[in-house]
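1. Task: produce atomic coordinates for the following.
(chains A and B)
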2 protein chains.
Amino acid sequence: MPVTELNSSAATTRLSAAFQAPAARPPIWLMRQAGRYLPEYRETRAEAGSFLDLCYNPRLAVEVALQPLRRFDLDAAILFSDILVIPDGLGQPVRFDEGVGPVLMRLEDTADFAPLSLERMRAHLAPVYETVDRLRAELPRDVSLIGFSGAPWTIATYMLEGRSSREFTLGKYWAYARPEDFRVLVEILVEAVTAHLSAQVEAGADVLQLFDSWAGVLDDWGFRTWVEAPIRAIVGKLKARHPKVPVILFARGAGARFAGLAARTGVDAVALDCTVPLAWARETVQSETVIQGNLDPAILRIGGPAMERAVADILAAWASGRFIFNLGHGILPDTPPQHVAALVRQVRGA
Amino acid sequence: MPVTELNSSAATTRLSAAFQAPAARPPIWLMRQAGRYLPEYRETRAEAGSFLDLCYNPRLAVEVALQPLRRFDLDAAILFSDILVIPDGLGQPVRFDEGVGPVLMRLEDTADFAPLSLERMRAHLAPVYETVDRLRAELPRDVSLIGFSGAPWTIATYMLEGRSSREFTLGKYWAYARPEDFRVLVEILVEAVTAHLSAQVEAGADVLQLFDSWAGVLDDWGFRTWVEAPIRAIVGKLKARHPKVPVILFARGAGARFAGLAARTGVDAVALDCTVPLAWARETVQSETVIQGNLDPAILRIGGPAMERAVADILAAWASGRFIFNLGHGILPDTPPQHVAALVRQVRGA
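-> Coordinates of the predicted model:
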């Protein structure tokens, strides 16, 4: 299928419609909608070998991305992948250890940046782009296909810490004490993220989401310098190539910095985490951009009247404006699938 | 020393002056200013036995509270204690395991609430109040003595989870799925926190701080119901007894909810965490109350030009208004003490 035809379809999918005008009912998709809470996912996952084997296997990655859409009336599929395919592709191998999470041989000095290669990444991630292409072919034309990437700051923390961190000792050391050296890495990541997202659009993604999961651990200067500036650079480059593809930014923990974030970065929508107050977001963020969010995944796991109350609060506050229903963070692995079904029914107004 | 005389001194300490009008230079104290980063603390700690043995030993607890004031020109001492002395006092024993943190036999049902006893707590925490009394006697009259307590939501998470949590599965289960049962526990904690803080004032504390460290994990409804409402109740009761003692609220992760928080809870100052944007806080929070914060302890640990830049940014934004300089979270154990000295010098303008 020629790229132009795929791109021209972008304006017509269910999610991208939300960027034009408020819908009668908001569209809905859920972060980590393909995942361990689904028994069929666990089956496919067992077949795949390692977690990254699954991400790099187009047949299986397409299968797990489609699984939630077979069960639930969702408006979008999201590429099944991981934010750490970028370092893995650039030449800093990543593995996922059970009970630990991602493990990388950490970058220790600027000399370790030199071998990172965009060309290697493009070749290494070819199966990811093939997954996008196959997914687009499998999905009904009006169902959106979301491509995604981690954002530079969040990816950099893993590359420098070597694993998930609570304190971000090394990431902050580079960010604050060696900003000129850190900038070298961030600039590599700006190019890598741009290339990775462009390739997904060219393979058929019609909406993009940037995950800056650790945006919330930086101070004012750090947030401007290492979250906003690199994302603004990425979005500028993307818009030059793919002006019609909306970009959603999930900058978890941004707090009061969600206000004005779309204008400062150029993104088309701001994904709000669970802690954002509803009335404030309506007045301050939704008035300037499309918002997405923000049911607490812990409340989805609880289900029942607690979830009904929380969903009703969100709909009452935001559904009359430009809005995409989602969680404020990814689905938890022990979430009963029937709670997801009930959530989708409630948002659909059924 | 009679209580009335101590209380009458409240209006004259260095910190409480900040509640009247902006100072030429802001007063400064630091969360966890007495702690593991000081070699003399580690020595006293080794002498004490367990961590709670240290909290309950007035002679040693006074010693560690005074240690940072011998090294640095700080405007306040803070009681050396822990937020979990409240469950420990109420009859749910707490121990601190090396590398794990606090461990409690968790409350499993409402039947477990019944044995919790305020009377037991008052007796059990007598050494804490004796520490406050002795500290007040040791401190110069103009140096403030800060009493503190955890807030109900944060304390309740430990009582229900049994330890530190990343997901708050059980705390959120009670908060959202069993709100009427959870309210019973929160009401016990409102009484306990009020009694604990009142006893500290009566022993000589002239400023109070409430720590709601896990305020940031709740959604809009949860924050209003389990953070703001109980704190409003506590502050109302405290103000009836001790109208002149200022109360500072540290509701970590409140984000946009820092705006209006003082008015919604009745506190006299809002402590801001590291992620709060400086200009927004000046316009939105400092315009309505005293603010405290917000240097990232990771930047204090880094020191040098990175810290100078961050401190200068904070002073430029906030020092012309009502402001108490502090960190946005507690000092990290591996912080070089000379960085603290440099910080205090910079804030003093020396």
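2. residues in contact with the closest residue to chain B within chain A?
-> Minimum separation of chain A from chain B (C-beta to the nearest C-beta) falls at A:Gly255, amounting to 3.0 Å. In short, each C-beta sits where N, CA and C put it, glycine included. Contact partners of A:Gly255, counting by C-beta atoms under 8 Å, 6 or more residues apart in numbering or on different chains, are A:216, A:275, B:253-256, B:275-277.
3. Can you read off the pLDDT for the residue nearest to it when sequence neighbours are not counted?
-> In space, and not counting its chain neighbours, A:Gly255 is closest to B:Gly255: 3.0 Å by C-beta to C-beta, 6 or more residues apart in numbering or on different chains. As predicted, B:Gly255 sits at a pLDDT of 96.
4. From A:Asp142, how far off is B:Gly255?
-> Per C-beta to C-beta, to the nearest Å, B:Gly255 is found 35 Å from A:Asp142.
5. same deal with A:Val201?
-> A:Val201 sits 18 Å away from A:Asp142, going by C-beta to C-beta.
6. Between those two, point out the one with more neighbours.
-> Legend: neighbour count by other C-beta atoms under 10 Å in any protein chain shown for A:Val201 and A:Asp142, higher for A:Val201 (24 against 13).
7. Quickly find the element holding that one.
-> If you go by DSSP states H and E, A:Val201 is part of helix A:179-203.
8. Let me see the mean pLDDT of that helix.
-> The average pLDDT for helix A:179-203 rounds to 98.
9. repeat for stretch A:229-248
-> The model assigns stretch A:229-248 a mean pLDDT of 97.
10. May I have that stretch as CSV, with CA atoms only?
-> Provided in CSV are the C-alpha atoms of stretch A:229-248 (Å, rounded to 0.1, in the frame of the first residue of the first chain):
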residue,chain,number,x,y,z
ALA,A,229,13.3,21.5,24.4
PRO,A,230,14.1,18.0,23.0
ILE,A,231,10.4,17.3,22.5
ARG,A,232,9.9,20.6,20.7
ALA,A,233,12.8,19.7,18.4
ILE,A,234,11.3,16.3,17.7
VAL,A,235,7.9,17.6,17.0
GLY,A,236,9.2,20.3,14.7
LYS,A,237,11.0,17.7,12.6
LEU,A,238,8.0,15.4,12.6
LYS,A,239,5.6,18.2,11.6
ALA,A,240,7.9,19.1,8.7
ARG,A,241,7.6,15.6,7.3
HIS,A,242,4.2,14.5,8.4
PRO,A,243,2.1,17.7,9.1
LYS,A,244,-1.2,15.8,9.5
VAL,A,245,-0.2,13.2,12.0
PRO,A,246,-1.2,14.3,15.5
VAL,A,247,1.3,13.9,18.4
ILE,A,248,0.2,13.2,21.9
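11. Tell me where the stretch 51-200 of chain A has strands.
-> A:76-78, A:94-97, A:101-104, A:144-150 (DSSP state E, counting those that start in this stretch).
12. Quick check: A:Glu228 touching A:Ala262?
-> No. The pair A:Glu228 / A:Ala262 is not scored as a contact, 10.8 Å apart, by C-beta atoms under 8 Å.
13. Tell me the residues on the stretch 51-200 of chain A that lie near chain B, please.
-> By C-beta under 8 Å from any C-beta of the partner chain, the residues of the stretch 51-200 of chain A that approach chain B are A:167-169, A:172-173, A:176-177.
14. hmm, 6 Å instead?
-> Counting by C-beta under 6 Å from any C-beta of the partner chain, the residues of the stretch 51-200 of chain A lying close to chain B are A:172, A:176-177.
15. The stretch 251-350 of chain A now?
-> Going by C-beta under 6 Å from any C-beta, the residues of the stretch 251-350 of chain A near chain B are A:255-257, A:274-275, A:277-278, A:280, A:296, A:298-299, A:302, A:306.
16. Now, the residues you listed that are in helices?
-> Of these, the ones assigned to helices by DSSP state H are A:278, A:280, A:298-299, A:302, A:306.
17. Tell me the most packed of these, by neighbour count.
-> A:Ile299 (28 neighbours).
18. and the spatially closest residue to that residue that is not a sequence neighbour, helix, strand or coil?
-> Of all residues not flanking A:Ile299 in the chain, A:Ala310 sits nearest, at 4.9 Å (C-beta to C-beta, 6+ apart). Under DSSP: H, G, I helix; E, B strand; the rest coil, A:Ala310 falls in the helix class.
19. what does A:Gly236 give?
-> Secondary structure of A:Gly236, per three-state DSSP, is helix.
20. burial of it, as a residue count?
-> Neighbours of A:Gly236 (other C-beta under 10 Å): 13.
21. Closest one to A:Val128 out of the residues of the stretch 251-350 of chain A next to chain B, please.
-> Ranked by distance to A:Val128 (C-beta to C-beta), those are led by A:Cys274 at 28.7 Å.
22. The helix holding A:Val201 versus strand A:144-150: what angle between them?
-> 160 degrees (axes from the mean of the first three to the mean of the last three C-alpha atoms, to 10 degrees).
23. In the helix or strand just after helix A:179-203, which residues are buried?
-> Proceeding N to C from helix A:179-203, the next assigned helix or strand is strand A:207-211, under DSSP H and E. Within strand A:207-211, the residues that qualify as buried are A:207-211, counting by 16 or more other C-beta atoms under 10 Å in any protein chain shown.
24. Could you do stretch A:316-331 as well?
-> Here stretch A:316-331 shows A:317-319, A:321-331 as buried, counting by 16+ other C-beta under 10 Å.
25. same thing with stretch A:296-310?
-> A:296-303, A:306-307, A:310.
26. Stretch A:157-170 now?
-> A:157-162, A:165, A:168, A:170.
27. Can you give me the end-to-end span of it?
-> One end of stretch A:157-170 sits 8 Å from the other (C-alpha to C-alpha, to the nearest Å).
28. which residues are in contact with that stretch?
-> By C-beta atoms under 6 Å, 6 or more residues apart in numbering or on different chains, the residues outside stretch A:157-170 that reach it are A:84, A:87, A:92, A:101, A:103-104, A:106-107, A:171, A:174, A:214, A:217.
29. Turn these into JSON lines, including neighbour count and pLDDT.
-> Putting the contacts of stretch A:157-170 into JSON lines (neighbours: other C-beta atoms under 10 Å in any protein chain shown; pLDDT from 0 to 100) gives the following:
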{"residue": "A:Leu84", "neighbour count": "24", "pLDDT": "97"}
{"residue": "A:Pro87", "neighbour count": "23", "pLDDT": "98"}
{"residue": "A:Gln92", "neighbour count": "20", "pLDDT": "97"}
{"residue": "A:Gly101", "neighbour count": "12", "pLDDT": "91"}
{"residue": "A:Val103", "neighbour count": "16", "pLDDT": "95"}
{"residue": "A:Leu104", "neighbour count": "18", "pLDDT": "95"}
{"residue": "A:Arg106", "neighbour count": "14", "pLDDT": "93"}
{"residue": "A:Leu107", "neighbour count": "22", "pLDDT": "96"}
{"residue": "A:Gly171", "neighbour count": "25", "pLDDT": "96"}
{"residue": "A:Trp174", "neighbour count": "24", "pLDDT": "97"}
{"residue": "A:Trp214", "neighbour count": "24", "pLDDT": "96"}
{"residue": "A:Val217", "neighbour count": "24", "pLDDT": "95"}
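30. In helices, which of the residues you listed appear?
-> Per DSSP H, helices hold the following members of the contacts of stretch A:157-170: A:87, A:171.
31. before we move on, back to that, now the buried residues of stretch A:157-170 in JSON lines, with distance to A:Leu343 and pLDDT?
-> Formatted as JSON lines, those follow (distance: C-beta to C-beta, whole Å; pLDDT from 0 to 100):
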{"residue": "A:Thr157", "distance to A:Leu343": "31", "pLDDT": "97"}
{"residue": "A:Tyr158", "distance to A:Leu343": "31", "pLDDT": "97"}
{"residue": "A:Met159", "distance to A:Leu343": "35", "pLDDT": "97"}
{"residue": "A:Leu160", "distance to A:Leu343": "37", "pLDDT": "97"}
{"residue": "A:Glu161", "distance to A:Leu343": "34", "pLDDT": "95"}
{"residue": "A:Gly162", "distance to A:Leu343": "36", "pLDDT": "94"}
{"residue": "A:Ser165", "distance to A:Leu343": "31", "pLDDT": "83"}
{"residue": "A:Phe168", "distance to A:Leu343": "33", "pLDDT": "93"}
{"residue": "A:Leu170", "distance to A:Leu343": "38", "pLDDT": "95"}
